[in-house]
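# Here is my input; please provide its structure:
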Amino acid sequence: MTHKEIATLKIEDMHEGDVFSMEESITAKMLDDFAGLSGDYSSLHMDDNFAKERGFKGRVAHGVLVTSLLSRLVGMHFPGEHAVIQSMNTRFTAPVYVGDHLVIKAEIDQISSATNTIILKSIITNSITNEIVVRCKISVGFTHHG
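Just a heads-up that it's a prediction; the model follows:
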């Protein structure tokens with residue numbers, strides 16, 4: 001996606017109940033790249049055998065890597081360039097593994113024109129297992145006024 005493809009929705013374009021979704025598959029390279037970026041080389045994220053010995057199916061994706069998809073959703077797609085995440089209340093409900101295909105969905109729960117913010121209810125679902133892997137409430141402010 002180029003800079004020109006960033007959504008430019010403004011608060012006045014938004015309505016309670018509006019929904020946006022996107023999809024992403026988790027790759028080993030994503031875990032490797034995220035470990036390099038974050039410095040989190042925990043064996044749970046980097047070593048299949050270590051993770052399996054602890055009852056997981058394999059390398060577990062970093063939770064913050066998974067929630068970074070919400071940053072992409074807000075910053076690029078819904079609402080886009082006029083938005084800034086102010087807070088995230090996140091609950092991790094199931095592990096995410098290499099090869100999992102995720103559906104990232106956000107719905108506008110509340111709009112406050114007075115504070116120039118919206119509240120998004122978001123879930124990330126593993127489309128392979130149909131499990132919800134993340135539940136998140138996101139407060140989004142707008143940098144554009146009127």
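# part of a helix, is Leu70?
Yes - Leu70 forms part of a helix when assessed by DSSP: H, G, I helix; E, B strand; the rest coil.
# what about it, neighbour count?
21 (other C-beta atoms under 10 Å). Bear in mind the C-beta positions are built from the backbone N, C-alpha and C, glycine included.
# Repeat that for His62.
One way to gauge burial is a neighbour count; for His62, by other C-beta under 10 Å, it gives 20.
# Val66 now?
Going by other C-beta under 10 Å, the residues that sit close to Val66 add up to 25.
# need the contact list for it.
Val66 makes contacts with 26, 92, 96, 102, 124, 133-134, as judged by C-beta atoms under 8 Å, 6 or more residues apart in numbering.
# Identify the residue nearest Gly80 in space, chain neighbours excluded?
Spatial nearest neighbour of Gly80, excluding adjacent residues (C-beta to C-beta, 6 or more residues apart in numbering): Ala7 at 3.0 Å.
# That neighbour contacts Met76, doesn't it?
Yes - using C-beta atoms under 8 Å, Ala7 makes contact with Met76 at a distance of 6.7 Å.
# what's the pLDDT at the nearest residue to Gly58 once chain neighbours are set aside?
Closest residue in space to Gly58, ignoring its immediate chain neighbours: Asp48 at 4.8 Å, by C-beta to C-beta, 6+ apart. You'll see Asp48 listed with a pLDDT of 97.
# Asp48 reaches Phe56, doesn't it?
No - between Asp48 and Phe56 there is no contact under C-beta under 8 Å: 9.1 Å.
# quick one: the helices in this structure?
The residue ranges that make up the helices of the chain, judged by DSSP state H, are 28-38, 43-46, 48-53, 63-72.
# tell me the mean pLDDT for the last one?
By that I understand helix 63-72. 97.
# Distance check, the most centrally placed residue in the chain against Ser113.
Centroid check for the chain by C-alpha atoms, centre = their mean gives Leu70 as the closest residue, at 2.4 Å. Separation of Leu70 from Ser113 (C-beta to C-beta, to the nearest Å): 23 Å.
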